[in-house]
Each structure stands twice: as C-alpha cells, then as structure tokens.
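Quick check, what structure comes out for this input:
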Amino acid sequence: MSKEFSRTQRVSQQVQKELAVILQREIREERLAMTTISDVEVSRDMGYAKVFVTFLTIGDQTNEESLSILQEKAPYIRSLLGKRIRLRVTPELRFVFDESLTEGMRISNLVSKVVRDDEDRHVDDESGEA
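You can find the predicted model right below:
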C-alpha cells in the first residue's frame with residue numbers, strides 16, 4: 001500500500017509554504033509585483049523545484065519583469081529557504097509564470113459568451129414562433 005502523500009509532495013507543500021513567507025517578509029523589491037505561489041513541483045531527487053507563480057501587477061510593473069527579478073534573486077531565496085527547512089540538499093529554484101489562472105479566465109469568458117449567445121438565439125426563436 002502506497003502512502004497517500006509521497007515525500008516529494010510533502011516537501012513541495014512545505015517549500016511552497018516557506019517560500020510564501022519568504023517572499024512576503026524577506027524580499028524587499030519595489031519593482032517586484034505582489035507574488036502568489038500557486039504550486040511547487042519538486043523533482044524526485046529533491047535537486048530542483050519548479051515554482052509556479054502569478055503576479056498582481058500595479059502601475060508599470062509587468063509579469064516578465066517580476067519573473068526576471070525572482071530569477072535573479074533565486075540563489076538568495078534558496079539560501080533563505082535552506083535555513084527554514086531541514087533537507088540535506090535545498091532544491092534549486094526555478095520560477096515559472098503560471099498561466100493556468102489567465103487561461104482559465106479566458107476559457108470561462110468564452111463559455112459565458114457562448115451561453116449568452118445561445119440564450120439570445122433561443123429568445124429570437126421563441127419570438128419568431130409566436
């Protein structure tokens with residue numbers, strides 16, 4: 001019987017939780033937009049962690065600039081993470097912009113538009129029959 005949560009999943013959850021605190025409290029950068037960590041995938045050998053992030057940009061902040069800032073500060077963030085979690089090797093961090101939220105909103109808008117168009121078509125059919 002396998003465990004419900006593998007070690008990599010538990011480490012991923014812990015890394016996500018600690019990175020959220022680190023980004024909120026330790027990283028002071030005006031150019032960095034408000035960052036949300038949506039998921040973390042740790043490799044089986046714990047050598048790498050793919051960190052999926054989304055940004056709430058304000059003013060002239062952009063997602064690309066915020067992502068490059070995170071990439072630039074990844075070694076420093078990794079060192080802070082190493083002090084907070086107890087692993088033999090702290091995974092190397094790779095920040096990736098998570099497009100699933102924006103893609104989900106785009107698909108939701110498309111579905112809403114199709115439903116609205118379908119309802120309008122039904123109203124037209126009913127008024128045409130009467």
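
Would you agree Gln16 is in contact with Val40?
Yes - the criterion here is C-beta atoms under 8 Å, and Gln16 meets it with Val40 at 4.3 Å. To be clear about C-beta, it is placed using only N, CA and C from the backbone, and glycine gets the same treatment.

Glu126 is in what secondary structure piece?
In the assignment (DSSP states H and E), Glu126 maps to helix 100-129.

averaged over its residues, what pLDDT does that helix have?
For helix 100-129, the mean pLDDT works out to 86.

Give the full set of residues in contact with Ile37.
Gln16, Leu19, Ala20, Leu23, Val51, Phe52, Val53 (C-beta atoms under 8 Å, 6 or more residues apart in numbering).

which residues does the fifth one contact?
Yep, that's Val51 we're talking about. Each residue near Val51 by C-beta under 8 Å, 6+ apart is listed here: Val15, Gln16, Leu19, Ile37, Asp39, Val40, Leu93, Arg94, Phe95, Val96.

let's see it at 6 Å
By C-beta atoms under 6 Å, 6 or more residues apart in numbering, the contact list for Val51 reads Val40, Leu93, Phe95.

Mind telling me what element it is part of?
Going by DSSP H and E, Val51 is part of strand 48-56.

and the helix or strand just after that strand with strand 48-56, angle?
Going down the chain from strand 48-56, the next helix or strand is helix 63-84, by DSSP H and E. In terms of direction (axes from the mean of the first three to the mean of the last three C-alpha atoms, to 10 degrees), helix 63-84 departs from strand 48-56 by 130 degrees.

Pull the distance from helix 63-84 to the chain's centre.
In this view, helix 63-84 has its centroid 14 Å away from the chain centroid, taken as C-alpha atoms, centre = their mean, to the nearest Å.
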